[in-house]
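> What shape does this take:
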Amino acid sequence: MEDVARGLTDFVRDHQLWAAPIVLVLAFGESLAFISLLIPAWGALVAIGALIGVSGISFWPIWIAGGVGAALGDWLSYWFGFKFKNRVAEMWPLSRYPDLLPRGEAFVQKWGVPAVYIGRFFGPLRATVPLAAGIFEMPYWRFQFANWISALIWSAALLLFGDGISKIVEWIWRVV
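Have a look, this model is predicted:
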């Protein structure tokens, strides 16, 4: 995965017009229940964030693309949980990780709508909270409000984290 992230980062650096669509797809995959378990894309998103300051890529379209991709991934996961209910746990790859969905379900039952915000920032919960919210039929508009707001915050956090790291490294490079 490290080589893929490096390749994507190099591609974005060389083809900046592709930055927003790539970030959208990465954030979508990172937030989609089944895909995020197989291909964690957050590292590539942080690396692309590191390019913002050093290569002149505009933050705003990248941020919006990341937020939209993440929100669409969670929306699809919510729909999948709502549509297929308890059969989701029997599907691959969740069937290989039998403890993930019950943890997500317990988290959603305990925290309700704030679980969507909190779950967005924690790996396996990011993949299972929207599914569990759909399974337990969390009110659709409450879920969507939390989904979109948390997706925009999450996208900004990852990209700004990468940008901050690149500025620190650049500063250290000049000082040393």
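> mind checking which helix or strand of this protein has the lowest mean pLDDT?
helix 33-38 (a mean of 72; mean pLDDT, DSSP states H and E).
> So which residues make contact with the following helix or strand past that one?
Per DSSP states H and E, the first helix or strand lying C-terminal to helix 33-38 is helix 42-55. If you take C-beta atoms under 8 Å, 6 or more residues apart in numbering as the criterion, helix 42-55 is touched by 1-2, 4-6, 8-9, 12-13, 16, 19, 22-23, 26-27, 30, 57-59, 62, 66, 155, 158-163, 165-167, 170. C-betas here are computed from N, CA, C, even on glycine.
> can you give me the helices for this structure?
For the chain, helices defined by DSSP state H occupy the ranges 2-14, 19-31, 33-38, 42-55, 59-84, 100-111, 114-119, 123-135, 140-175.
> Make CSV out of the ones you listed and add mean neighbour count and distance to residue 92.
Shown next, in CSV, are these (neighbours: other C-beta atoms under 10 Å; distance: least, C-beta to C-beta, whole Å):
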stretch, mean neighbour count, distance to residue 92
helix 2-14, 14, 22
helix 19-31, 23, 17
helix 33-38, 19, 8
helix 42-55, 21, 22
helix 59-84, 21, 13
helix 100-111, 18, 13
helix 114-119, 20, 22
helix 123-135, 26, 13
helix 140-175, 17, 25
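> which one of these lies closest to residue 94?
Across the helices of the chain, residue 94 has its closest neighbour in helix 100-111 (5.7 Å, C-beta to C-beta).
> Please work out the average pLDDT along the closest one.
Throughout helix 100-111, pLDDT has a mean value of 84.
> Quick one: work out the angle between that helix and helix 123-135.
70 degrees (axes from the mean of the first three to the mean of the last three C-alpha atoms, to 10 degrees).
> As CSV, could you dump the C-alpha coordinates of helix 100-111?
In CSV, the C-alpha atoms belonging to helix 100-111 read as follows (Å, rounded to 0.1, in the frame of the first residue of the first chain):
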residue,chain,number,x,y,z
LEU,A,100,-16.2,-5.4,13.7
LEU,A,101,-19.9,-5.1,13.0
PRO,A,102,-21.0,-5.9,16.6
ARG,A,103,-18.5,-3.2,17.9
GLY,A,104,-20.0,-0.8,15.4
GLU,A,105,-23.5,-1.7,16.4
ALA,A,106,-22.7,-1.3,20.1
PHE,A,107,-21.1,2.0,19.4
VAL,A,108,-24.1,3.3,17.5
GLN,A,109,-26.6,2.1,20.1
LYS,A,110,-24.6,3.8,22.9
TRP,A,111,-23.8,7.1,21.2
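> gap between the residue lying closest to residue 120 once chain neighbours are set aside and residue 51?
Computed as C-beta to C-beta, 6 or more residues apart in numbering, the closest residue to residue 120 that is not its neighbour in sequence is residue 150, at 4.3 Å. According to C-beta to C-beta, to the nearest Å, residue 150 and residue 51 sit 24 Å apart.
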